[in-house]
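Asks: Sequence first, predicted model second:
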Amino acid sequence: ADDDLFRDGPYCDVVEGKQPYLEFLRGVFAALTGYRLDVQRISHVSKQLSYVELSETFYIGGTPTSYPECLVFEQNSDNLINRVSVFMKQVNT
């Protein structure tokens, strides 16, 4: 959505607005070597709510490292994504 996009990240970081979010994503992708995003599953809970299970992979110290995540996408009354919430899976040690 152009006007009411809100993204909250796994570190309680917030980005508001479409253009700031696009700039945020461009900065993230540009900083990561060998970036790849693999979608494992998309679950449509309702017409306006979906979950996407995915992993983001990029090189750290020359080694590809993957991070599993779950993103929640909400759509407004115009059926445009207006909220993105990012959750990272963590290994219990």
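Replies: It's in.
Asks: name the helices or strands packed onto the host helix or strand of residue 56?
Replies: Following DSSP states H and E, one finds residue 56 within strand 49-60. Using 3 or more C-beta pairs under 8 Å, 6 or more residues apart in numbering; DSSP states H and E, the elements in contact with strand 49-60 are strand 36-46, strand 63-75. No exception for glycine: its C-beta is placed from N, CA and C like everyone else's.
Asks: Can you find the helix or strand of the chain with the lowest average pLDDT?
Replies: Across the helices and strands of the chain, mean confidence by mean pLDDT, DSSP states H and E is lowest for helix 18-31: a mean of 93.
Asks: quick one: contacts of that one?
Replies: 1-3, 5, 7, 15, 35, 84 (C-beta atoms under 8 Å, 6 or more residues apart in numbering).
Asks: among those, which are in strands?
Replies: Applying DSSP state E to the contacts of helix 18-31, the entries found in strands are 7, 15, 84.
Asks: Select from the residues you listed the one having the most neighbours.
Replies: Ranked by neighbour count (other C-beta atoms under 10 Å), the ones in strands among the contacts of helix 18-31 have residue 7 at the top, with 21 neighbours.
Asks: what are the bridge partners for that one, then?
Replies: residue 15, residue 84 (DSSP bridges).
Asks: so the strand holding residue 56 versus helix 18-31, what angle?
Replies: 30 degrees (axes from the mean of the first three to the mean of the last three C-alpha atoms, to 10 degrees).
Asks: in strand 49-60, what's buried?
Replies: The neighbour-count check on strand 49-60 (16 or more other C-beta atoms under 10 Å) flags 50, 52-54, 56, 58 as buried.
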